[in-house]
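Enquirer: I would like to see how this sequence folds:
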Amino acid sequence: MTATEAPTRAATTIDEAAREQGSEIADEGRSVTDRARVAVMGAFEHMPDFFGTARSGASQVAEHLPDAVDRARSGAHETATTMQTMSDPTLRLLAAGSIGLAVGLYLAGARRPITLAAMVPAVIAGSAIATRPSRIRLPSR
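Expert: Purely as a prediction, here's the structure:
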């Protein structure tokens with residue numbers, strides 16, 4: 001091999017190596033694409049089952065929803081009536097304790113939903129005082 005043939009032969013060898021590597025990379029790319037296609041098709045095959053299960057669960061919830069709403073409504077009414085019959089000092093103590101707990105949680109860095117949940121008894125006690133009908137007799141001190 002002469003000095004003029006060496007660069008040509010090296011370029012040819014580099015081109016052949018690049019073609020072989022390129023075909024291997026293309027084959028790997030195809031196999032990844034094929035695997036992804038099979039996974040997506042498998043997911044699509046399970047979609048009808050998923051939607052059927054979701055539909056059945058939603059229908060069960062819809063069947064029981066009126067009863068659950070009625071029970072919640074009656075429970076809330078009983079709770080309001082019970083709270084309205086409590087004395088003012090008891091309701092104020094409940095509200096103060098609830099506010100104190102909420103402030104303590106807030107200062108300790110608790111998350112907002114937890115702090116707001118701690119305020120719920122104070123709101124209920126305040127609404128019981130504010131909405132108390134005049135016909136309810138309060139116990140004397």
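Enquirer: Low-confidence bits of this structure, can you list those?
Expert: The model of the chain has pLDDT under 70 over residues 1-30, 134-141.
Enquirer: Contacts for the helix or strand in which I124 is found, please.
Expert: Per DSSP states H and E: I124 is located in helix 112-130. Applying C-beta atoms under 8 Å, 6 or more residues apart in numbering, the contact partners of helix 112-130 are 79-80, 83-84, 86, 88, 91-92, 94-99, 101-102, 105-106. Every C-beta, even on glycine, is put in place using the N, C-alpha and C of the backbone.
Enquirer: Give the ChimeraX command for selecting the buried subset of those.
Expert: A single ChimeraX command selects the buried members of the contacts of helix 112-130 (16 or more other C-beta atoms under 10 Å):
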select :83,84,86,91,94,95,98,99,101,102,105,106
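Enquirer: can you list the domains in the chain?
Expert: 1-67, 85-141 (automatic domain parsing).
Enquirer: For D88, which non-adjacent residue is spatially closest?
Expert: Take D88 and drop its neighbours on the chain: the residue closest to it by C-beta to C-beta, 6 or more residues apart in numbering is I129, 6.5 Å away.
Enquirer: So the one you found versus T81, what's the distance?
Expert: According to C-beta to C-beta, to the nearest Å, I129 and T81 sit 14 Å apart.
Enquirer: the more surrounded of the two?
Expert: I129 (15 against 12; other C-beta atoms under 10 Å).
Enquirer: Distance check, the more buried one against P89.
Expert: Distance of I129 to P89, computed by C-beta to C-beta: 11 Å.
Enquirer: Then A125?
Expert: Following C-beta to C-beta, the distance that separates A125 from P89 is 11 Å.
Enquirer: With A96 instead?
Expert: The spacing between A96 and P89, counted by C-beta to C-beta, is 10 Å.
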